[in-house]
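Engineer: Sequence and predicted model, in that order:
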Amino acid sequence: MVEQWSAHHADNDAGSDAERVAVFRRERPQLLAVAFRILGSDADAQDVVQEAWIRYARADAGQVRNVAAWLTTVVTRLCLDLLRRSRETPEPPEDLPERSVDGGGPEETALLAGELTAVFLTVLGELTPPQRVALILHDAFGTPFEEVAHILGTTPGAAKKLASRARGRVRRPNRPPDTDPRTARRVVSAFLRAAEQGDIDGLVEVLHPDVTRAADPQALPSGAAQRIRGVRAVVGETRAFRANAQRARMVTIDGRPGIVVPSDEGPRIALVFRVAAGRIVHYDVIADPRRLALLRIDH
């Protein structure tokens, strides 16, 4: 879509068009990451970002002061519209009682990025669209509540309450616990060792048959799915990324066993795992710079 538009308009305003295409290409991985985290669907995220490109291509560039913020707003609002249309029943009005949402400090209020990535595929359906947006933008990407409020058309205080309510649902006490930390660490360590060696049998042994892998676009080849399911798909991909595995090391990420691939500037890729009954049921490959910056990584 971007290439078609660029070629079509090349004779009219080549310099302006080329700059616009370059800007969108730069922002596209971030937009795909945001859309996928909100929607939980690779295909829907692609459609939303394509629609955002069409709107950006038609927009008056002189009226767009901050392209990144403008595009994020467009993508997020398109996600909201899609979520609201797809709900089988009308969205109930938000009950936002006047109470403290700070909980004593950011340590208590912010849902740890690692915790969110480990469970988001299973809990997003429990949240209303505004709750999903507030939680994902603020807790997974570090977007200030002032910007979240602008996107949602509400106040910063209300945006904070939406995120607070979403955290409460995600952290429900009756949610089944993970495997104990020591066992989980052994499982993740075995995964890394098998990945380093290209050991198919070793990978199959530690992966649940229905394991899912989510990933930021920045960690993937162009066009690769942000979500894959099943041990065969995950094993095939893990073998393809053997070089990364050989540079990786075990860490603790927000209290969970994890893996990082380092660079001179810091972690380039982080993997956060969810382990249950001695097997990996889900892991998230984090490469978006804003998400990486939120992780607490202990070596």
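Structural biologist: Good, I have the coordinates. Numbering: from 1, shown residues only.

Engineer: Distance check, residue 244 against residue 204.
Structural biologist: Relative to residue 204, residue 244 is positioned 20 Å away (criterion: Cβ to Cβ, to the nearest Å). In this view, the C-beta of every residue, glycine as well, is placed from N, C-alpha and C.

Engineer: Compare those two (neighbour count), which wins?
Structural biologist: Between residue 244 and residue 204, residue 244 has the larger neighbour count (other Cβ atoms under 10 Å), namely 18 against 14.

Engineer: ok, and the closest non-adjacent residue to that one?
Structural biologist: Excluding its sequence neighbours, the residue lying closest to residue 244 (Cβ to Cβ, 6 or more residues apart in numbering) is residue 261, at 5.1 Å.

Engineer: Quick check: pLDDT value at that neighbour.
Structural biologist: For residue 261, the model assigns a pLDDT of 94.

Engineer: Could you list the low-pLDDT ranges of the stretch 151-299 of the chain?
Structural biologist: By pLDDT under 70, the weakly predicted segments of the stretch 151-299 of the chain are 172-179.

Engineer: can you give me the strands for it?
Structural biologist: Residue ranges of the strands in the stretch 151-299 of the chain, as given by DSSP state E, counting those that start in this stretch, are 207-215, 227-229, 249-253, 256-263, 266-276, 279-286, 297-298.

Engineer: Indicate which one of those is closest to residue 83.
Structural biologist: For residue 83, the closest of these is strand 227-229, at 17.0 Å, according to Cβ to Cβ.

Engineer: The residue nearest to residue 244: neighbouring residues, count only.
Structural biologist: The burial metric for residue 261, expressed as a neighbour count using other Cβ under 10 Å, is 20.

Engineer: where does the stretch 1-150 of the chain have low pLDDT?
Structural biologist: In the predicted model, the stretch 1-150 of the chain carries pLDDT under 70 at residues 1-15, 87-123.

Engineer: From residue 197, how far off is residue 186?
Structural biologist: Here residue 186 is placed at a distance of 17 Å from residue 197 (Cβ to Cβ).

Engineer: Could you do residue 36 as well?
Structural biologist: 31 Å.

Engineer: tell me the contacts of the nearest residue to residue 188 once chain neighbours are set aside?
Structural biologist: Taking Cβ to Cβ, 6+ apart as the measure, residue 188 lies nearest to residue 257, with 4.2 Å between them; neighbours along the chain are not counted. With contacts defined as Cβ atoms under 8 Å, 6 or more residues apart in numbering, the neighbours of residue 257 are 181, 184, 185, 187, 188, 189, 250, 273, 275.

Engineer: For residue 257, give the beta-bridge partners.
Structural biologist: With beta bridges defined as DSSP bridges, residue 257 has these partners: residue 252.

Engineer: how near is it to residue 162?
Structural biologist: Plainly put, residue 257 is 31 Å away from residue 162 if you go by Cβ to Cβ.

Engineer: What segments of this protein are helices?
Structural biologist: For the chain, the helices defined by DSSP state H occupy 2-9, 14-39, 42-58, 67-86, 106-109, 113-123, 129-135, 145-152, 156-170, 181-197, 200-206, 231-240, 242-247, 289-294.

Engineer: Can you say which of those helices is nearest to residue 212?
Structural biologist: In this view, those are compared for proximity to residue 212 by Cβ to Cβ, and helix 113-123 is the closest at 6.2 Å.

Engineer: just to revisit the earlier point, which one of the helices of the chain is the most hemmed in?
Structural biologist: Mean neighbour count, computed with mean count of other Cβ atoms under 10 Å, is highest for helix 129-135 among the helices of the chain, reaching a mean of 25.

Engineer: So what touches that helix?
Structural biologist: Under the criterion Cβ under 8 Å, 6+ apart, residues 38, 76, 79-80, 83-84, 87, 91, 94, 111, 116, 124, 127, 145, 148, 151-152, 154, 159-160, 162-163, 165-167, 169-170 lie in contact with helix 129-135.

Engineer: now do stretch 212-228
Structural biologist: By Cβ under 8 Å, 6+ apart, the residues outside stretch 212-228 that reach it are 28-29, 32-33, 36, 40-42, 45, 117, 120-121, 229, 233-234, 237, 269, 281-289, 291.

Engineer: For residue 227, see how far away the residue nearest the centre of the chain is.
Structural biologist: The structure's the chain has its C-alpha centroid closest to residue 37; by Cα atoms, centre = their mean the separation is 4.2 Å. Distance check for residue 37 against residue 227: by Cβ to Cβ, it reads 11 Å.
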